[in-house]
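Please work out how this folds:
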Amino acid sequence: MTDYKTLQQQYELEVYPMRDVVFVKGKDARLWDDQGNEYIDMAAGISVANVGHCNDKVVDAISKQASTLITCANTFYNDKRALFLEKLFSIAPKNLKKAFLTNSGTEAIEGAIKFARFTTKKTKFIAAMKGFHGRTMGALSATYKSEYREGFEPLVPGFTFVPYNNFEKLSEAVDDDTAGIILELVQGEGGINIGKKEYFQNVRKLCDEKGIILIIDEIQTGFCRTGKMFAIEHFDIEADIMTLAKSIAGGFPMGAVLCSDKIKIEKSKHGSTFGGNPLACAAGIAAIDFMLENKLWEQAEQKGNYFKEKLSKYPLSKVREIRQIGLMIGIELKEKSQPVIVELLKKGIVTLPGGTTVLRLLPPLVISYEDLDIAIERIAEVLN
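A predicted model of the protein is given here:
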């Protein structure tokens, strides 16, 4: 039998803190390793598999498109790209009118930074402490965590960080050269920190007053994760730019920058070889159709509330707080989360960190109540 772990270690740059398991198969909210062991996935590839692993509708769409046309340069029109854009804007906030399609979330953030600078002719950005927006140079410049930034300076100049949910500190950081404010509505990597509605409404007013582009990062929160199609629906505001990725195409790599009429960009100022390729667009259409047909936002809200209510009934001596919006759950611990993550993996539950002391749970939205009950029981066992 092939030793996949040794083979990967031989050839892959060691940039990831690896866990001692080789996953080879997935279906809905279940994963299987190369030894035949079965796991309940409470991570969904970091909120990627919202419609479940190997969703039948997405698999069929990819298979059909792969035998029709896989790639098409963006200097040509394409049927699947046109239909995907129509589908995407049928669910997007109505003030957003145009899109640039990418392959990932970090590319979407890079595009947003460029578009904001080009539109405003200004150079500075304000982002939040504990915020995460990606790891390429521009996106990394908007990401707060020092461990991610160290060794890569100088990054893109002009980025300032302010406390999350603190409007006074944010407004003090604004000056005449502020091009954009980049914020997550719920900080995922930062520990499932949920934004305050009043804070975001004040930020929106400030951007209007000062001619600043408001960039809302919905890469992790989008596509039903928080109990709405997009988390921005909880806040009664509009973004000038919204960045999307992760679950946009049912697990296939894809991202998007959605722009309001405020955004001005000239031809040939930005581009992508693979962004919006027919294969990704076919997957995206199928994934969005599945979300709509199954009202996944309602499932996320109901299952998230169920999970928090049931888990809270257990004695949880290691837990300081449970933060939850839809099926986006952060369990803040009184100790480091990594040992808990390792212990849960041994018990067949796949989870994530959200900062040093937060256990982050982002299960596929199609997860069954039976699997939720099993996960709750095993998590409660480890956390007491």
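
who's in contact with the residue nearest to the spatial centre of the chain?
Centroid-nearest residue in the chain: residue 220, 1.7 Å away (criterion: C-alpha atoms, centre = their mean). Contacts for residue 220 (C-beta atoms under 8 Å, 6 or more residues apart in numbering) come out as 46, 47, 105, 184, 186, 188, 189, 246, 328, 362. Yep, even glycine has a C-beta here, placed from its N, CA and C like the rest.

And these, which two are furthest apart?
105 and 328 (15.6 Å; C-beta to C-beta).

Between these two, which is the more surrounded one?
Neighbours per residue (other C-beta atoms under 10 Å) separate residue 105 from residue 328, with residue 105 holding more: 30 against 25.

related to what we said a few turns ago, if we take the contacts of residue 220, which one ends up nearest to residue 311?
Distances from residue 311 to these, taken by C-beta to C-beta, are shortest for residue 328, at 14.4 Å.

need the contact list for that closest one.
47, 186, 188, 192, 220, 221, 225, 226, 304, 361, 362.

Let me see the contact set for the closest residue to the first one other than its chain neighbours.
So that's residue 47. Closest residue to residue 47 apart from its sequence neighbours, by C-beta to C-beta, 6 or more residues apart in numbering: residue 362 at 4.3 Å. By C-beta under 8 Å, 6+ apart, the contact set of residue 362 is 42, 43, 44, 46, 47, 188, 220, 225, 327, 328, 329, 352.

same deal with residue 167?
198, 199, 202, 203, 206.

same thing with residue 127?
Residue 127 touches 133, 142, 143, 144, 159, 160, 161, 162, 181, 182, 183, counting by C-beta under 8 Å, 6+ apart.

Closest one to residue 287 out of the contacts of residue 220, please.
Of all the contacts of residue 220, residue 246 has the smallest distance to residue 287: 10.8 Å, by C-beta to C-beta.

Need the phi and psi values for that closest one.
Torsion angles at residue 246 (phi, psi; degrees, to the nearest 10) stand at phi 40, psi -90.

and which of the contacts of residue 362 is nearest to residue 5?
So of the contacts of residue 362, ranked by how close each gets to residue 5 (C-beta to C-beta), first place is residue 43, at 19.3 Å.

which residues does the closest one contact?
Applying C-beta under 8 Å, 6+ apart, the residues near residue 43 are 350, 351, 352, 360, 361, 362, 363.

Mind doing that once more with 6 Å?
Applying C-beta atoms under 6 Å, 6 or more residues apart in numbering to residue 43 gives the contacts 350, 352, 362.

Which members of the contacts of residue 362 are positioned in helices?
44, 46, 47 (DSSP state H).

Please enumerate the helices of the chain.
4-11, 44-47, 56-66, 79-91, 105-120, 137-141, 146-149, 167-173, 197-210, 278-293, 296-311, 338-346, 369-383.

hey, which of those helices is tucked in deepest?
helix 105-120 (a mean of 24; mean count of other C-beta atoms under 10 Å).

Could you name the helices and strands sitting against it?
Where contact means 3 or more C-beta pairs under 6 Å, 6 or more residues apart in numbering; DSSP states H and E, helix 105-120 is packed against helix 137-141, strand 178-184, strand 241-244, strand 255-260.

out of these, nearest to residue 4?
Of all the helices and strands packed on helix 105-120, strand 255-260 comes closest under C-beta to C-beta, at 28.4 Å.

tilt between that closest one and helix 79-91?
Calculated by axes from the mean of the first three to the mean of the last three C-alpha atoms, to 10 degrees, strand 255-260 forms an angle of 60 degrees with helix 79-91.

Quick check: can you name the pairing partners of strand 255-260 and their directions?
strand 96-102 (antiparallel), strand 241-244 (antiparallel) (DSSP bridges).

Measure how buried the residue nearest to residue 277 when sequence neighbours are not counted is and give me the count.
Of all residues not flanking residue 277 in the chain, residue 71 sits nearest, at 5.2 Å (C-beta to C-beta, 6+ apart). Close neighbours of residue 71, defined as other C-beta under 10 Å, add up to 11.

what's the spacing between residue 71 and residue 317?
54 Å (C-beta to C-beta, to the nearest Å).

In the protein, where is pLDDT below threshold?
In the predicted model, the chain carries no residue with pLDDT under 70.

Isn't residue 230 up against residue 222?
Yes. The criterion here is C-beta atoms under 6 Å, and residue 230 meets it with residue 222 at 5.3 Å.

More neighbours: those two, which one.
A count of neighbours by other C-beta under 10 Å puts residue 222 above the other of residue 230 and residue 222, at 30 against 25.

residues contacting the more buried one?
230, 244.

picking up where we left off before, could the helices of the chain be laid out in a markdown table, adding distance to residue 240?
Listed next are those as a markdown table, based on distance: least, C-beta to C-beta, whole Å:
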| stretch | distance to residue 240 |
| --- | --- |
| helix 4-11 | 42 |
| helix 44-47 | 24 |
| helix 56-66 | 31 |
| helix 79-91 | 16 |
| helix 105-120 | 8 |
| helix 137-141 | 17 |
| helix 146-149 | 26 |
| helix 167-173 | 16 |
| helix 197-210 | 7 |
| helix 278-293 | 23 |
| helix 296-311 | 24 |
| helix 338-346 | 37 |
| helix 369-383 | 37 |
